[in-house]
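Asks: here is a sequence with its predicted model. Questions after.
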Amino acid sequence: MFPSVASFAGFGLGLRPPHYEAILASPPPIDFFEIISENFMIDGGRPLHVLDRVRADYPVAMHGVSMSLGSPEGPGPDYLRRLHTLMRRVDPLWVSDHLCWTGVNGRNSHDLLPLPLTEAAMATVCRHIDRVQTFLQRPLLIENPSTYVTFAEDTYTEWGFLTELCRRTGCYLLLDLNNVFVSAHNHGFSAQAYLDGLPLERVRQVHLAGHSEGETLLIDTHDAPIPDGVWALWAKVAPRLSHAAVMIERDDEIPPLPELLAELDTARRLASPVVYV
Amino acid sequence: MSLADTQRDFLGQILASPAPTLSEGMRVYHHAYRARLLGAMAETYAQVWAWLGDETFHSEARAYVEQHPSTQWSLDDYGQDFADFLAQRFPDDPEITELAWMDAALRQAFAAEDADTLDATALMQVSDWETVRLILNPALRHRSIRSNAPALWRALSKDETPPEVLYFEETSGLCVWKTALASRFRTLEADEYALICALAAGQGFAAACEGLTLRAADSDPTEQIGAWLGQWLAEGLVTGLAGTETTS
Ligand SMILES: [Fe+2]
């Protein structure tokens, strides 16, 4: 087995190109940065230099979107080699990806596609997690995705599926509260039941984000401030996640850094015990 | 149905064009796929977009996306055949495909391996010019062009009014590479470009020079090649020397 993934309690942000200058000019008062691994799985260039400078000052978590743990073929050798190279460069807090598949038969959707929650999917995902964990010599964190369809053949709830994944592979969890909120709305389950059903002690990181509204569905777009519903979920579950690293995910319509720092302050405030005076 | 069959069917619905009748949830995936690929192309092909205008660029990019499913995990690599696609679509306007090639090459160069420039004194340590090989910048991409696409690209990238399009009888070379983390490009006249092509194809320096017949008959080849070599080192087109004993 591999070493366990140590807890890191703190508040952080994603490292995004529009903020590079501001961050290098004046390092913000946060506890860690998260990077999208794929953006740095390159041979050279400025982003890697920025990353090295940021890493000198902050712990960094690696978050991937292309591992495709739920597809029959799983991640290919080129992907894993580049991920491993980056991991050695960064020495990250941890490496995460999603409970999803991104493509099949050599075609890639570049999206986090939903899995049928069946024994067959469980076997496939476990096989690939085992393979990746052995290759990287460390456990992964697996994130719950936002989904817009479910499958008639589902035999697990999503939280039941994630719980079983942790048990079978020794992986940890990255809990995205916006994704819980969005999927709960889209599929009519209770977000509270979801959180109550998860082994929260396996959660190492929390994502907070915003979404947008479709015709009847909510869509995970990471392009808006965190809405009240997601804040309420965070306020409720925060006391049970004081061991986790919390961050705001903003990938589109990225505002100036101070705006995200203010949002992060809200996350901090909601997590701290209420003080009566 | 096996998991793989379910996934093939699912992805088939996403890729289907025109969109079949889908549930709202499947429409989200169908839409997101196109939005993501078009977004990546808009980012890469900024100057082609400026040159073609919103309407033409978007309709060409949409047609490209429908005909070219993504096969790579990296979204950065998507759209590499767009220049060839545009060459077919606009056979009489070579500047369009050349602009597209530049957009893609400059982006690739940006993420390519970094290399330090070589000091000119390195040349003085070459003991045997018969066996020396020039190591070209690892970010180098090159092609021949027959329009003034580099001048158009420069103006478009600065939001300036581009000059009139010009087509030349004789093709020249266009090189894209990177120094000090910044992508750069330069046009090379035919003789200099022929030499770079020979070197890029792996020929030794002496062999590449031998194969060169200068078009300008009155120029002294040794002097001319020496001048190019000095420039290549200064601008980082050549970043190393191999196959000879150098002390550095
Ligand atoms: Fe997330």
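Replies: Looks like it arrived, so ask away.
Asks: those strands in chain A, which residues are they?
Replies: A:10-14, A:32-36, A:60-63, A:95-98, A:101-104, A:107-113, A:141-143, A:172-176, A:203-208, A:212-213, A:218-219, A:245-248 (DSSP state E).
Asks: any chance of those strands in a markdown table, plus mean neighbour count and distance to A:Arg127?
Replies: To be clear about C-beta, it is placed using only N, CA and C from the backbone, and glycine gets the same treatment. Shown next, in a markdown table, are those (neighbours: other CB atoms under 10 Å in any protein chain shown; distance: least, CB to CB, whole Å):
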| stretch | mean neighbour count | distance to A:Arg127 |
| --- | --- | --- |
| strand A:10-14 | 21 | 30 |
| strand A:32-36 | 22 | 25 |
| strand A:60-63 | 24 | 22 |
| strand A:95-98 | 26 | 15 |
| strand A:101-104 | 25 | 13 |
| strand A:107-113 | 22 | 18 |
| strand A:141-143 | 24 | 14 |
| strand A:172-176 | 25 | 18 |
| strand A:203-208 | 24 | 22 |
| strand A:212-213 | 13 | 35 |
| strand A:218-219 | 19 | 31 |
| strand A:245-248 | 25 | 28 |
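Asks: those: which one's closest to B:His30?
Replies: Smallest distance to B:His30 across those (CB to CB): 10.0 Å, for strand A:107-113.
Asks: select, out of the strands of chain A, the one closest to B:His142.
Replies: strand A:107-113 (28.8 Å).
Asks: spatially nearest residue to B:Tyr167, not counting backbone neighbours?
Replies: B:Ser147 (5.4 Å; CB to CB, 6 or more residues apart in numbering or on different chains).
Asks: for that neighbour, give me its contacts.
Replies: By CB atoms under 8 Å, 6 or more residues apart in numbering or on different chains, B:Ser147 lies in contact with B:Pro94, B:Glu95, B:Glu98, B:Val165, B:Leu166, B:Tyr167, B:Phe168.
Asks: quick check: the third one touching B:Leu174?
Replies: Yes - distance between B:Glu98 and B:Leu174: 7.4 Å, which falls inside the contact criterion (CB atoms under 8 Å).
Asks: and the strands of chain A: which comes nearest B:Met102?
Replies: Comparing these by CB to CB, strand A:107-113 comes nearest, at 24.5 Å.
Asks: is that closest one anywhere near the ion?
Replies: No - applying CB under 5 Å from the ion, one finds strand A:107-113 separated from the ion by no less than 9.0 Å.
Asks: need the per-residue pLDDT for the closest residue to B:Val165 other than its chain neighbours.
Replies: Spatially, and ignoring its direct neighbours in sequence, B:Val165 is nearest to B:Glu95 (5.3 Å; CB to CB, 6+ apart). On the pLDDT scale, B:Glu95 is placed at 98.
Asks: what's the helix or strand for B:Glu95?
Replies: Using DSSP states H and E, B:Glu95 sits in helix B:94-111.
Asks: for chain A, what lies in contact range of the ion?
Replies: When proximity is defined by CB under 5 Å from the ion, chain A lies next to the ion at A:Asp176, A:His207, A:Glu249.
Asks: out of these, who's nearest B:Arg154?
Replies: A:Glu249 (37.1 Å).
Asks: name the nearest residue to the closest one, ignoring sequence neighbours.
Replies: Among residues not flanking A:Glu249 along the chain, A:Ala209 sits closest, at 4.1 Å (CB to CB, 6+ apart).
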